Structure formats: C-alpha cells, structure tokens
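K.L.:
one predicted model, sequence on top.
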Amino acid sequence: MELLAVLVMIVVGGAVAVFSLIAFALAKADTKQAADRDQIAASILYQVLIAGGVTPDDALRQIRRGAGLGSRVTRGVDMMSWGESYARVASDADRARLLETAVQFAAARKAPVPLRQYAALLDLSFALGFHTDALARLRERYGFEYIDHAKDARPREADRGGGAMPLFVRDESRTAEWLRVLQIEGAPTRQIIITAYRRLAAQHHPDKFHEASDETQRSEAARFIEITRAYEALLAIYRD
C-alpha cells in the first residue's frame, strides 16, 4: 500500500509539473505576442506621426503618453504590411482602437493634416481590415481636414465643390461621375468598387512620386484625391 501511495504521489507530482510547464509556456507565449503586438502598434503610430511632420522625439513622447505604449519602435515601416501583421495578432477591438488612436494623433494639431499623413491613415485603414468609410466616420467625429496640395492643379470637372467636398457623403446625384472616375462599367457592387479603388490607388499613391517632377507630383496627388473621394462617396451609397 505504501509503495502504491508513493507511486501515485510520483505520478501526480509529475502531472502537476507538466501542467505547470505548459501553463508557463503558454503564458510566456502570450506575453511575447502582446509585446510583439505593442511594438507593431507603436511603430505604426510613429509612422503616422512622422508623416504629419512631428519630430521623432515628440512622436515617441506622444506614443508613450497618448497610447500608453513604451515598446521599442521600428522606424520607416511599410504601413500596409505592418498593419496586416497587427491585424493577424489583434482582436477586433484592438484594431479599431489602433485606427482611432492614429486619427486622434492626426487630429490633435487642430490643423489640416498633410496629404502624406492622410494617405498613411488610408493605408492603415485598409491594412487593418477596414475601409475608408470607417476612416471617414472617425474624421467626422474628430473633425480633421487634410491639405489638398493639388487643389489648384485639379481639372475643374474633378471637384465641382471647389475643394470643399466632404469625404463622407450620401448624395447620389453624381454616382455616374464617381463610377467614371473609378473606371467602373456596368452594375457596380461594393467589392467591385473596392477592387477598382485599390488598383487605381496603387497606381497614383503619392508615395510613389517623391522623386518625380513637381508637375507630376501635383498631377498624381490630384488623381489620388479624386479617386479617393469617388471611392468614399460610392461606399456610402453601395453598402451591400
């Protein structure tokens, strides 16, 4: 009997040790994942702030104080790939919180944000699994505008609102024009609109033309803004 009791104790002790090791390994993995997630988030927010003209030191301070993130920051990240990496390890609430925090940082200056920063927010919205209608709602909530450097160079028919057209609209009177801007023929669907926008945005994104002539930069920025506004307007109409 005593021998059996000893064997039982050994087996139980071994099982407890195994379970403890498993629990420790899982906790360690969760901690590492949380640390990785925070580093990705901090790096993304850093990129958004730098795109808005904030100095590196001020960007780090804002990330620590405004987002509560003290993680190491990787500089010069690609917004799309890092945003997609974050989306893979974050909850829906985390993704929404990161996008909202980025918008809060952009809107905090109480001045129109540079087009480069607005483009970074667009990239982040896509990468996190949202679309620009979500970004437009946040824009309305926090009340920020973006600088249209190409406003004076835009063809008159591209913006009949004189540069003041809101990004989130429900007016359907210009649907045909917006479809033309996105080069969509036939019956549109939400997915067709998204696909068309992504194709055109990739061609005309301002980041692709930093070393081009001033005329080319103005022209491509104008086109990028035009297709972005058409896209957002159509998303507000075609919700299914």
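P.N.:
Happy to help now that I have it.
K.L.:
list the contacts of the residue nearest to residue 74 when sequence neighbours are not counted.
P.N.:
Spatial nearest neighbour of residue 74, chain neighbours left out: residue 43 (4.4 Å); criterion: CB to CB, 6 or more residues apart in numbering. (Each C-beta comes from the backbone N, C-alpha and C, glycine too.) Contacts for residue 43 (CB atoms under 8 Å, 6 or more residues apart in numbering) come out as 73-75, 77, 82.
K.L.:
I'd like those laid out as CSV, including neighbour count.
P.N.:
Shown next, in CSV, are the contacts of residue 43 (neighbours: other CB atoms under 10 Å):
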residue, neighbour count
73, 19
74, 14
75, 10
77, 16
82, 20
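K.L.:
include secondary structure and pLDDT when you put these into TSV, please.
P.N.:
What follows is the contacts of residue 43, written out as TSV (DSSP: H, G, I helix; E, B strand; the rest coil; pLDDT from 0 to 100):
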residue	secondary structure	pLDDT
73	coil	94
74	coil	93
75	coil	91
77	coil	88
82	helix	93
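K.L.:
helices and strands of the protein: which one bottoms out on pLDDT?
P.N.:
helix 2-51 (a mean of 66; mean pLDDT, DSSP states H and E).
K.L.:
in which helix or strand does the residue minimising distance to the centre of the chain reside?
P.N.:
Nearest to the mean C-alpha position of the chain, counting by CA atoms, centre = their mean, stands residue 124 at 1.5 Å. Assigned by DSSP states H and E, residue 124 belongs to helix 115-127.
K.L.:
pLDDT (mean, whole number) over the helix or strand that that helix is followed by?
P.N.:
Per DSSP H and E, the first helix or strand lying C-terminal to helix 115-127 is helix 132-142. The average pLDDT within helix 132-142 is 82.
K.L.:
next: stretch 228-239.
P.N.:
Here the average pLDDT along stretch 228-239 is 84.
K.L.:
buried ones in it?
P.N.:
228-236 (16 or more other CB atoms under 10 Å).
K.L.:
same check, this time on stretch 135-145
P.N.:
135-136, 138-139, 144.
K.L.:
one step back: the residue nearest to the centre of the chain touches residue 78, doesn't it?
P.N.:
No - the criterion here is CB atoms under 8 Å, and residue 124 misses it with residue 78 at 11.1 Å.
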